[in-house]
Each structure stands twice: as C-alpha cells, then as structure tokens.
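J.: Next one to model:
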Amino acid sequence: MNGTHDHIGLPGVDTWQGAHRAQDLLKFAPLMPLGTAGGCLVAALCLWPVLPREWALWLATGLMLALAQWQTARSIARSVDPAPRAARLRSRWVLANALAAGVFWGATSIGLFPSGSVEHQLLLAFILTAVTVLWLPFFALVRKSLLVFTVPGVLPMAFALLTSPNPPQTTMGSLLLLLIGALALVAQIGSRVLFAESAARRALQHEATHDGLVGLANRAEFHRRAHTLEVMQAHSYAMIFMDLDHFKEVNDSAGHAVGDDLLRNIGTVLRQVVRKGDTAARLGGDEFAVLMEGCGASEAAEVAATILARIRSFQLKGGERCRRITASIGIACSADLCASPARLLEAADHACYRAKRGGRNRIEIATGLVDRSPRHRNRADFALISDLPGDLPVPSA
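T.: Numbering: from 1, shown residues only. The predicted structure follows:
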C-alpha cells in the first residue's frame, strides 16, 4: 500500500513523561517548606545559647521563605499548562527554590556559626545535613537542583569546618563533602528507579486507554473525554464518525496483515490532521471517531474533507489492478443537536451510514437525532472492492 505521507510510529509513554514528572515533583512539594521551617525551628531551639542578637530577623526570614515555598507549590499545583510547559515550569520552580534555600542555609551556616563551641558547630552541621537530605527527592527528579542547592548551602559550612584547627570540625567538614558525593550517587540511582517505575505505570495506563494497534485513544477513553466535555458544559463540540469502505474485502483479498497496516496508516493520518487538543480514537474494527472541542459543523467538515483526501491517496495493489481506499464520514455537532455525547455519537454514526448509502467516499452532517440503532446493514452495503469505480489499472513498468 502506497501513500503520500510518512508513516509515524505509535506514540509511547515518552510523550507524557514531562507531565507525569511534574506530577511526581508535586508529590514531594511539602518537603520544601517543611525542611526550611523545621530546620529553622530546630536550629533556634538547639543553638539558643549561642544565637546572635539578630536571631529574630533570621528566624523570620526562614519562616517567610517557607511560606513562599508553600504558596508557590500551591500555585504550581493549580497550573493548567500543557504537559511540556508544565514540566519546564515545575522544573524551574524546583531550581529557583533550591537556589533560594541554598543561599539561605549557606548564610545561616556562616551567620550562626558558633566559633567558641565545638558541640554547637557539629550540631549546626548535623541540622544542615538533615535539611539537605530532605531535598533528595528533588535532586533525583531535577538533577541540576543538587548543584544549585549544595554549592551555596553546604560548601560554606564545609569550608568553615575544614579550616578549623580542631580535628572534630575538620572531620565533619570532610563528611559534608562526602555527603554531596553520596547524595549525587543516591540521586542518580533514585532517578533511574523513579523514572523506571513511572514509565511502567504510565505504560499500563496507556495500554488501558489507547488502542494497541493504531495508538489512538480507545472507545472507553473516547467516551470518558466526551463525558468530561459534557460535565464541563463545553459551549460546543463536534464528533466525526468514520468507517472505511469495503474494509472486510481488504482483509479477505489482501490478508489481515495488510488490513492492519491500513488501519495503522489511518491512525497516522488522524494524528496528523486533527487539531491540537482534539481526541482521535479507534472505536473498533475499521471505525474511527474524532472529538473536536469548540468546533462547529462547518469546521468539522473541513477536517473531515482533509481526512478523506489523505485516505484517497492510499492505493492497494493486487494483481493487475490498483484499488483506491475510501471512507465514509458522519458529523454531528452538539450546538445543532443539543444531545448527550452518547446520542451525539449515535447521530454521527447514523450520518456515516447515510454517507455509505449515498455512494460512499463522502461526508454527511447529522441534522437530527435517531430513535433507533443505525446498524441495520444489508448485503448491498458490502459490494466487492473490484466493483468500485475508483479501481485503476497498474501502470506497466
């Protein structure tokens, strides 16, 4: 079968990784304000005897930073950006918070460094270590955040301890440097584990909501998205119902492998032609549907005409004849029929049936709802492909 378009492979879980990575980031978002506020309170209680006179300003700054982290997390969680933009936005959000937290804790380790008390020095280093470990999930999900946090946040404390003449401080400074290396290793391993588990989970979700042969949404997912539009009270949406002409004869004469290849190519056409944000689905067999939000019948008809033109470019070669592939399409619009998604799909199906009865390779727009199932086909609906006027002789070499 020859076509004028390139065959595109089935979409996999990689197309959603950005969105789901952003969702994973939000799961750990409470750790940011928790680490900042909790670390400040623990440091204030444990270092109370050696706190400087400006301790109230330092504590207020830490609590304000924690509040800002909590508020930005809530704002990001309410974001409705598309998947790629959401991933970039939330990754930048993690980096910005990591930089702010790193600068704060770096300034804290220097400003609160109790030069006359080794015990309090080690306690401050321990608190800083605990706060850094709380950031480990973000280091695993956004690897750059490890460098952004530890360079301003941990290195000043490590340098101050390493330059101390007392062995306990130099040992703790060395341990802080080792901590950065250990966190980098753990973050690398955690990143692989998290993404592998996420990929497996998304793959299962994709299998449950998409057709395994063509990669489009399946019938259940199509109805779920249509019901979502109904619940959201979308102003108008259209449904395109498409049925290939004489597909049974393609399977009988050319074999199921050729029929499957034809269906995959139809799926590619739909992915290329439908508007961004619309839902293209395979309902079963050779039946396809497209859900178009914010669309009227005329715009849906333009998309359907493009689909028909692309499908007519396919040719099925067999013996000395070259048979063109055609389809029949029915369209129903919610603004015209004011019906539920199920009734609207039934109306589009009935319009597709009228297109077949009217000669195939054409488009019909539903003008009303039907009171019975449109699936009353007869033998005349299944004429042989060789009877089509579109058959063309194969040009001689």
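J.: Who are the packing partners of the helix ranked longest in the chain?
T.: Determined from DSSP state H, the single longest helix within the chain is helix 167-209. Helices and strands touching helix 167-209, as assessed by 3 or more Cβ pairs under 8 Å, 6 or more residues apart in numbering; DSSP states H and E, comprise helix 17-27, helix 118-134, helix 136-141, helix 144-153, helix 155-162. All C-beta spots, glycine's among them, are computed from the backbone N, C-alpha and C.
J.: Between those helices, which has the poorest mean confidence score?
T.: Here the lowest mean pLDDT among these goes to helix 17-27, at a mean of 60.
J.: Beyond that one, next helix or strand please.
T.: The first helix or strand that comes after helix 17-27 along the chain, using DSSP states H and E, is helix 31-46.
J.: how far does that next one sit from the chain's center?
T.: Relative to the centre of its chain, helix 31-46 is centred 34 Å away, using Cα atoms, centre = their mean, to the nearest Å.
J.: Pull out the buried positions in the helix or strand following that helix.
T.: Scanning forward in sequence from helix 31-46 by DSSP H and E, the next helix or strand is helix 55-77. Residues of helix 55-77 classed as buried: 55, 58-59, 61-62, 65-66, 69-70, 72-73, 76 (neighbour count, 16 or more other Cβ atoms under 10 Å).
J.: Same check on stretch 246-256?
T.: Across stretch 246-256, burial judged by 16+ other Cβ under 10 Å covers 246-247, 249-251, 253-254.
J.: from the chain's centre, how far out does that stretch sit?
T.: Centroid separation between stretch 246-256 and its chain, computed with Cα atoms, centre = their mean, is 36 Å.
J.: With just CA atoms, put that stretch into PDB.
T.: Listed next in PDB are the C-alpha coordinates belonging to stretch 246-256 (Å, rounded to 0.1, in the frame of the first residue of the first chain):
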ATOM      1  CA  HIS A 246     -15.100  -2.300   2.000                       C
ATOM      2  CA  PHE A 247     -12.600  -2.900   4.700                       C
ATOM      3  CA  LYS A 248     -13.800  -6.500   5.000                       C
ATOM      4  CA  GLU A 249     -12.900  -7.200   1.400                       C
ATOM      5  CA  VAL A 250      -9.400  -5.700   2.100                       C
ATOM      6  CA  ASN A 251      -8.900  -8.300   4.800                       C
ATOM      7  CA  ASP A 252     -10.400 -11.100   2.600                       C
ATOM      8  CA  SER A 253      -8.400 -10.300  -0.500                       C
ATOM      9  CA  ALA A 254      -5.100  -8.900   0.800                       C
ATOM     10  CA  GLY A 255      -4.900 -10.500   4.200                       C
ATOM     11  CA  HIS A 256      -5.200  -9.300   7.700                       C
END
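J.: Now do it, average pLDDT.
T.: Per-residue pLDDT over stretch 246-256 has a mean of 85.
J.: Could you do stretch 204-222 as well?
T.: Confidence over stretch 204-222, taken as the mean pLDDT, stands at 85.
J.: for that stretch, how far is the first residue from the last?
T.: According to Cα to Cα, to the nearest Å, stretch 204-222 extends 17 Å from its N-terminal end residue to its C-terminal end residue.
J.: do stretch 235-255 as well
T.: End-to-end distance (Cα to Cα), stretch 235-255: 44 Å.
J.: From the buried residues of helix 55-77, pick the one nearest Cys40.
T.: Nearest to Cys40 among the buried residues of helix 55-77 is Gly62, at 3.6 Å by Cβ to Cβ.
J.: how much space between the closest one and Ala125?
T.: In this structure, Gly62 and Ala125 are separated by 17 Å, where distance is defined by Cβ to Cβ, to the nearest Å.
J.: ditto for Asn218
T.: In this structure, Asn218 lies at 56 Å from Ala125, with Cβ to Cβ as the measure.
J.: ok, those two, which is more surrounded?
T.: Ala125 (23 against 19; other Cβ atoms under 10 Å).
J.: Hmm, Met157 and that one touching each other?
T.: Yes. With contacts counted by Cβ atoms under 8 Å, Ala125 reaches Met157, the gap being 6.0 Å.
J.: what's the spacing between stretch 61-69 and its chain's center?
T.: Taking Cα atoms, centre = their mean, one finds the center of stretch 61-69 at 31 Å from the center of the full chain.
J.: Pull the residues that contact it.
T.: The contact list for stretch 61-69, computed with Cβ atoms under 8 Å, 6 or more residues apart in numbering, reads 32-34, 36-37, 39-40, 97, 100-101, 104, 108.
J.: Reformat the helices and strands packed on helix 167-209 as CSV; add distance to Thr326.
T.: Below are the helices and strands packed on helix 167-209 laid out as CSV (distance: least, Cβ to Cβ, whole Å):
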stretch, distance to Thr326
helix 17-27, 37
helix 118-134, 62
helix 136-141, 49
helix 144-153, 53
helix 155-162, 69
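J.: Determine which of those helices approaches Thr209 most closely.
T.: Thr209 lies closest to helix 17-27 among the helices and strands packed on helix 167-209, at 13.6 Å (Cβ to Cβ).
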